[in-house]
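Undergrad: I'd like to go over a predicted model; first the sequence, then the structure.
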Amino acid sequence: MERFRFFVVLYCLSKYNGERSIYAIYHLLQGKKSSQTIQDAKLFKLESFFQLMQQLSKKDIDEIIFELQCRDVISMTNKDTYILTEKGFFYLESYMQKYPIPPYLNGWRNHKKARLLWQRFSLMTQTLSFLLYENSSFTPVISDEETQHFVKSYFKKIKNRYDMAEGIFNEVTCLLQPLPQVQAEIFVLHLSGYQRVGYTIEQIGRIRHIDSEYTFLLFQAVLHHMIATIETNPIRFRHLRSFIEQDDQSIAPLTQSSQKTYELLRLNKSITEIALIRNLKESTIEDHIVEIASELKSFNIDLFVSNDLQGKIVDSFQTLGTKRLKPIRSSLHDTVSYFQIRLVLGRMEC
């Protein structure tokens, strides 16, 4: 029960509050790219944990739930849905003291860029370290061909390796300086260089006496902090900004399928037309629109739900205090569709 994974499941259950099944937690931690999982992450304010514990299986989730239930920490409300008991909230408070979640952690918004940043940065620093010692024979820490191509191309543009090394060092030092010491140490210990092999996350956890899964989360939080800071001030971090730039600059963290639907919406295509063009169900297109509305503030939902209905849905949501669609729809005498309710709730979280 002391492990970090128990805290994560308990925290998610507290957010879902019996309105989603335990497998919604599994899909969240796996980073499932479905509109439902993405919308729920925003609706229940769980974006931080998106795709951050992919090692957890459904069996792991079941075992954690069983243990929590045996200790009277959670109580079943329906099949596969649970709420926290009074004892559960006590445990949650205790866990939050032991495993504080960094405020800049956002798995949904940063999971792609974090991977990109780490792969490029770790290989770049390893390569630079060896070359500064006039040694070009080493085994790359990153085997990904695209990453290796990026690093090779980057070096071709550099005139002075020493100036480059100093520039990157200064930028990284600036980024790590405001972080808690333990997070900065985790990041540095994970790096490899000349006559230095980086420690694995598991090894770092043992060295620092920290749960390995929590160590991984703290490491990811460092990357997320770096991304946010670099994007806020790209001129100050002129070296590192290229480490998070992608060739396919997507219009927000939309799924690829939702991006295609968005492009057709911009051509004034209706839901029915888009479904025919893409050979998809209209309900799938509606899922895409809900995702778009929750990610793009500029997206106008008035075409799908009138201002008057939007107001009624918001009032019902605030009065009932639930995110469940059926009670909200019933309170409005079935005058709105589930799609319209999801659309408004998604926009509220944008």
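TA: That came through, no problem.

Undergrad: Low-confidence regions, the stretch 151-300 of the chain specifically.
TA: 247-253 (pLDDT under 70).

Undergrad: How about the residue nearest the centre of the chain, nearest residue that isn't a chain neighbour?
TA: Central residue of the chain (C-alpha atoms, centre = their mean): G107, 1.6 Å from the mean position. Closest residue in space to G107, ignoring its immediate chain neighbours: F50 at 3.7 Å, by C-beta to C-beta, 6 or more residues apart in numbering. Using the backbone N, CA and C atoms, a C-beta is placed for each residue, glycine as well.

Undergrad: Count the neighbours of that neighbour for me.
TA: F50 sits with 26 neighbouring residues when counted by other C-beta atoms under 10 Å.

Undergrad: repeat for the one 10 residues further on
TA: The criterion is other C-beta under 10 Å. On that basis, D60 has 15 neighbouring residues.

Undergrad: The nearest residue to T215 once chain neighbours are set aside - how many residues pack around it?
TA: Residue nearest to T215 in three dimensions, not counting chain neighbours: G205, with 4.0 Å by C-beta to C-beta, 6+ apart. Using other C-beta under 10 Å, the number of residues around G205 comes to 21.

Undergrad: what do you get for H224?
TA: 23.

Undergrad: Could you pull up the residues touching it?
TA: 102, 104-107, 110, 114 (C-beta atoms under 8 Å, 6 or more residues apart in numbering).

Undergrad: so what's it closest to, chain neighbours aside?
TA: Here the residue nearest H224, using C-beta to C-beta, 6+ apart, is N110, at 4.5 Å.

Undergrad: what's near enough to touch that neighbour?
TA: Going by C-beta under 8 Å, 6+ apart, N110 touches 223-224, 227-228.

Undergrad: Pull the most distant pair out of the contacts of H224.
TA: P102 and A114 (12.9 Å; C-beta to C-beta).

Undergrad: and these two? which has more neighbours close in?
TA: Comparing P102 with A114 by other C-beta under 10 Å, the one with more neighbours is A114, at 23 against 17.

Undergrad: okay, the more buried one: pLDDT?
TA: On pLDDT, A114 comes in at 96.

Undergrad: That one touches Q220, doesn't it?
TA: Yes: counting by C-beta atoms under 8 Å, Q220 is a contact partner of A114 at 6.0 Å.

Undergrad: ok, back up a step: how much space is there between the residue nearest to T215 and R3?
TA: 11 Å (C-beta to C-beta, to the nearest Å).

Undergrad: With N268 instead?
TA: In this view, N268 and R3 are 52 Å apart by C-beta to C-beta.

Undergrad: who's more crowded, these two?
TA: R3 (14 against 8).

Undergrad: quick one: contacts for the closest residue to that one other than its chain neighbours?
TA: Sequence neighbours aside, D211 is the residue nearest to R3 in space, at 5.8 Å (criterion: C-beta to C-beta, 6+ apart). Neighbour list for D211: 2-4, 99, 205 [criterion: C-beta under 8 Å, 6+ apart].

Undergrad: likewise R347?
TA: Counting by C-beta under 8 Å, 6+ apart, R347 has contacts 293-294, 301, 310.

Undergrad: Need these in JSON lines (columns: distance to Q259).
TA: Shown next, in JSON lines, are the contacts of R347 (distance: C-beta to C-beta, whole Å):
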{"residue": "A293", "distance to Q259": "14"}
{"residue": "S294", "distance to Q259": "14"}
{"residue": "I301", "distance to Q259": "18"}
{"residue": "Q310", "distance to Q259": "25"}
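
Undergrad: residues of the strand or helix carrying V222 that come out buried?
TA: For V222, the host element (DSSP states H and E) is helix 212-232. Of the residues in helix 212-232, 212-227, 229-230 count as buried by neighbour count, 16 or more other C-beta atoms under 10 Å.
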